Each structure stands twice: as C-alpha cells, then as structure tokens.
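Enquirer: Just the structure for this:
(one chain, ligands or ions: 2)
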Amino acid sequence: MTTTVLSVASEAYPLVKTGGLADVVGALPAALAIHDVAVTTLIPGYPALADTLWQGRSGEQARVVHVYDDLLGVEARLLAGEIAGHPLLVLDAPDLFARVGGLYGDRGGKDWPDNWRRFAALGRAGADLASGAIPGYAFDIAHAHDWQAAMTAAYLRYAPGPGVAAKSVVTIHNIAFQGRFDASVFADLGLPAGAFALDGVEYYGGVGFLKAGLEAADAIATVSPTYAQEIRHGEYGMGLEGLIATRADRVRGIVNGIDPAVWDPATDAALPVRYTARILAKRRINKRAVETRFGLDTGDGPIFTVISRLTWQKGMDVLADCLDLLVALGGRLALLGSGDAELEAAFLAAADRHPGRIGVIIGYDEPLSHLLQGGADAILVPSRFEPCGLTQLYGLAYGCVPVVARTGGLADTIIDANAAALGAGVATGIQFGDVTPDSLGLALRRAVDLYDSPSVWSGLQRQGMKADFSWRRSGRLYADLYSGLIEA
Ligand code: ADP
Ligand code: GLC
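Expert: Numbers count the residues shown, from 1 in each chain. Ligands and ions are numbered 1, 2, ... in the order given. Alright, predicted model coming up:
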C-alpha cells in the first residue's frame, strides 16, 4: 500500500531556496515515489511563490483547501498547488510571510522578531493536516525538516487534531540552528501548560523548537551517518547532545542524494558544453567560460572553486588565510558566495591582491553555480562541521574534484586519494583533518600535485562521476524508516 507523507519545511527547490535544505526537500517527492511513498510538501507562502501559485502557469488561481480565521493570532489559508509534478500545500498567511527581505530575516540579516510565530504557525498547520483537523487530508507520516518545521511533531504530540495522528519524523539538516526563543512566547503557542517541561518544549529556560520536535518525534533522522554520531557529543551537538544520546536508538543517519533532473552534466542547460565521463575534454570549454565570468587569466593550471555561504561553519576564514599560498602554488580561485561581511571583504581584498588569479562574485546565482561545477577543476569545502553537504556531491557528478574537510557528510561521501585508494582506483577526492591553514594548505599542495599528473587527475574525476549519489539508496532508507514506524 502506498505510504502517504506530509513533508513540512521552510524552503523547497525550485520555488524557494537559501541552501541545501531546499534541494533535499525539493528532491524527496520524486526520490520516494519510486518506493511507493506519496509525498505532499507544505511550505510557507513567501512572495517568491506568487508567480508559481497565485497566477499559476495556466493563469488560474491556486485552490483554497482551508481557511483559518485565527492561526496563532493571524488569518491564514492553505492553498494547493504543485511542485515538480507533486502535490504542494502552501501556508498563505500574509501577516507572517508576505514581506520584503529574506526568508528568516530582514535585508540586513537580522532575524524577524516574530519567527517563533511564523514557524509555530507552520508547525500547527502541518499537525492539523496530519491529524484530521483539515477535511480531506490524512497522512501516515509527518516529516518535518529542521527547527522551522519541527513544531509539527510537538503539536502532534501535545495538541493533535480529532483524527488519527500521523507518526512523526524530524530530520536535522543542521543542529546549529535550533529556533530558540524567550519563555514568554510559550503562552501564545496554544500548547497545554504541561508541554513546558524538561522533556517537552522547554529549553534552557526558554522555548526550543528543534528541541521540542526532537523530544516529540517518533523517529529522528539526520543527513549523514557520521553527523549522526558527531551530534552525540558536545562540540557538535551544540547543547542537544544529551537529548540525541538519550534518543540514540531513534536516530538514523541517511546521506542526502542529488536530483539527477537538476544536476547532470550530460543534460545541464546552464553549461556552455554538456559532457559525460567519456568526453571529459569538453570541460575545457566550460573552464574558459569560468575564466571569463570571473576575470581569470586563461591558463591550464587548476581552477579551484567555492560555492558557499561565507561563514565560520564553512571554514571560509581558514580558506581566506590560504589564498596567497593557493596562488603561489599556481592555482586560481573562482568563488561564488555571500555571508559574513568580514569574509566577503577578505575575499574581495584577495581578488584585488591577485588580479587574474582570484575572482570573487558576491551573491547567489543558481546557473552560475552549475557553470562552476562544470568548468572548475576542484571544489573546496573546508567546513568545520558539515551535516551532509551537497556541493561536494555535485562536484563528484560534474568531475569537479572535491577537496574537503573530514567531517560529517564530507567524511561519508569522499574517498581520499591516499596511496592505497589511488592504487585500488577508488579515490574520488582529497580529504584533510583539522580545519587550519596548515592542513588546508597541505591539501591544496596535494591537489596541485595530483592535478599535475593528468592521468591520475582524470582517474579521480571519472571515479567521482561513477559514484552513485542518486537518491536510489537513501530514498529506500527513508521509505524503510517510514514503514518501520507504521508497523510499530
Ligand atoms: P548549506 O545548506 O549548509 O549551505 P549544502 O552544501 O548542503 O550547504 O547546500 C548548499 C546549496 O546551496 C547547494 O545547492 C549550493 O550549490 C547552493 N549555493 C550555496 N551558495 C550559493 C551561491 N552563492 N549561489 C548559488 N548557489 C549556492
Ligand atoms: C544543511 C547542512 C548541509 C546539508 C543541508 C541539506 O544546510 O548545513 O550540510 O547538506 O542542510 O541536508
């Protein structure tokens, strides 16, 4: 029998995206359909959705499936639409989501002060849909992603609708973001007083949305096996390590897949030239396009790329300290990203210091990210922690060799080009240990040495392109997780 899942999240590619969460939420419906799992996605009604939903491709208005007179203090509607051919529900609550700025904060990057209400409302709607409060809707599983959706599980636990409540799964995409708010918001969440408890929504004296969801969930998933282990310990657990360790029997690490409809160099419309592992030489034309876009000297030396949020998590400060070395080694850098003002300034300054060798584009540009994967030689991912990471997986698929820190999903997805792995022909990239300038510097040296040996380098590229990070395996793991919960 088909399993029905309501996937609740704050972003979903291609409608609205700030990071890897959107890629995963956007890919899940197709990934799970082949395992007889039918996914409906629920996301907030940001202005970015207007074109797709309100006007509709065919000019029709989206169908209203429910009207709330008072959803945590605001008027709201649930609208039905489609995302890549799969069912979509949108929480249309203009007071909460129709604003100019980012998904989570204003243009200056300051969090919206009512984020607690915005994402509690999302959770409330998710729980209503998954527990019989909205006529015509029922699901076997409510699958909530990250803190913004985690309250779905808490509402299902403490204040479900009148029908059969779905089992709940919470996936942690990044435990660093927890949705912590002042205790004073609790009164407006519409939960019974008893929910403000040590094993409930209370968190260090305040309210914790992710914490509440993790306590309530029937199962917890995170996006790689190594990260599932790491978050049981202080440094990585960020305050939630005790909870994770206590609930360890419920925690699964399921590595993300990549969506071949979006990320395949043989069909990618964003590439000047498309290619496969058999015709890798064609990448050279894409490489020329990268040089042009980033103002780099034309040449045969390696182009390293970075496609990333510019933050401490991503080790970008450490990379900034290695740029003179990167250039001295004969490398070039094409960086696309945005984030901390200080880091943006450091990269722009490096580009000024090394014209023709370092090119920096500050911003967010989806097609350009594809060109970089399809034209650069190596992608740098020196993260201090990385729950899964997707850019190294795209790098593998595109023959853009990943140079990564050995942590989280980076440790689980890249096979380091040490002598044994090279000898066995299984290496796919370069890993390094500590995220320090010394150790990243050594990794850059290794990368340049390997690049200088064309047959070894193309071996790495081909091996990476052969690696299967489609959703086939991970989709099955999620399907098994769901069916285990239903049987229990
Ligand atoms: P995270 O979600 O922690 O930022 P991931 O590696 O999981 O990291 O996912 C990042 C996603 O965002 C990838 O799809 C990547 O290509 C994309 N991305 C990051 N920065 C940019 C950018 N500046 N322009 C375009 N895409 C970007
Ligand atoms: C988070 C993590 C990243 C992961 C993504 C999708 O943004 O930082 O490592 O790949 O979620 O799961």
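Enquirer: Point out the residues in the chain that sit beside ligand 2.
Expert: Near ligand 2, the residues belonging to the chain are 19-21, 24, 173-174, 223, 256, 386-390, 409 when assessed by CB under 6 Å from any ligand atom. C-betas here are computed from N, CA, C, even on glycine.
Enquirer: among those residues, which ones are buried?
Expert: 20-21, 24, 173-174, 223, 256, 386-390, 409 (16 or more other CB atoms under 10 Å).
Enquirer: Could you tell me which residues of the stretch 251-400 of the chain lie near ligand 1?
Expert: So the stretch 251-400 of the chain meets ligand 1 at 307-309, 336-338, 364-366, 369, 388-391 (CB under 6 Å from any ligand atom).
Enquirer: ok, L89 touching V39?
Expert: No. Counting by CB atoms under 8 Å, L89 stays clear of V39, with 11.2 Å between them.
Enquirer: Where does the stretch 51-200 of the chain get nearest to ligand 1, residue-wise?
Expert: Nearest to ligand 1, among the residues of the stretch 51-200 of the chain, is N174, at 6.1 Å (CB to the nearest ligand atom).
Enquirer: which one is that residue nearest to, not counting chain neighbours?
Expert: What sits nearest to N174 in space, not counting adjacent residues and going by CB to CB, 6 or more residues apart in numbering, is P387, at 5.3 Å.
Enquirer: Please apply the same query to L88.
Expert: G81 (4.5 Å).
Enquirer: what does the host helix or strand of Y394 contact?
Expert: If you go by DSSP states H and E, Y394 is part of helix 391-398. Helix 391-398 is contacted by residues 256-258, 263-265, 307-308, 369, 373-374, 378-379, 381, 400-402, 404, 409-410, 413-414, 428-429, 464-465, 467, 469 when judged by CB atoms under 8 Å, 6 or more residues apart in numbering.
Enquirer: rerun that using 7 Å as the cut-off
Expert: Applying CB atoms under 7 Å, 6 or more residues apart in numbering, the set of residues contacting helix 391-398 from outside is 258, 263-265, 307-308, 373-374, 379, 381, 401-402, 404, 410, 413-414, 428, 464-465, 467, 469.
Enquirer: Restricted to buried residues, select the residues you listed in PyMOL.
Expert: Per 16+ other CB under 10 Å, the buried members of the contacts of helix 391-398 correspond to this PyMOL selection:
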select buried, resi 258+263+265+307+308+373+374+379+381+401+402+404+410+413+414+428+464+465+467+469
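Enquirer: contacting residues for G101?
Expert: Taking CB under 7 Å, 6+ apart as the contact definition, G101 lies against R107.
Enquirer: Check D69 too.
Expert: D69 sits next to E75 when contact means CB under 7 Å, 6+ apart.
Enquirer: and it, which of the three is it?
Expert: strand (DSSP: H, G, I helix; E, B strand; the rest coil).
Enquirer: what's the answer for E215, then?
Expert: Secondary structure, three-state DSSP: E215 is helix.
Enquirer: the bottom helix or strand of this protein by mean pLDDT?
Expert: Ranked by mean pLDDT, DSSP states H and E, the helix or strand of the chain with the weakest confidence is helix 50, at a mean of 80.
Enquirer: Give me the local confidence score for the one residue in the stretch 1-150 of the chain that gets nearest to ligand 2.
Expert: Relative to ligand 2, the nearest point of the stretch 1-150 of the chain is G20 (3.0 Å; CB to the nearest ligand atom). With respect to pLDDT, G20 has a value of 97.
Enquirer: For it, give me its contacts.
Expert: Counting by CB under 7 Å, 6+ apart, G20 touches H173, C388, L390.
Enquirer: backbone phi and psi for it, please?
Expert: For G20, the backbone dihedrals (degrees, to the nearest 10) come out as phi -60, psi -30.
Enquirer: shaky segments in the stretch 301-450 of the chain?
Expert: Within the stretch 301-450 of the chain, no range satisfies pLDDT under 70.
Enquirer: quick one: the strands in it?
Expert: Secondary structure of the stretch 301-450 of the chain (DSSP state E, counting those that start in this stretch): strands at 303-310, 332-339, 358-362, 378-381, 401-405, 430-432.
Enquirer: Appreciated, that's everything.
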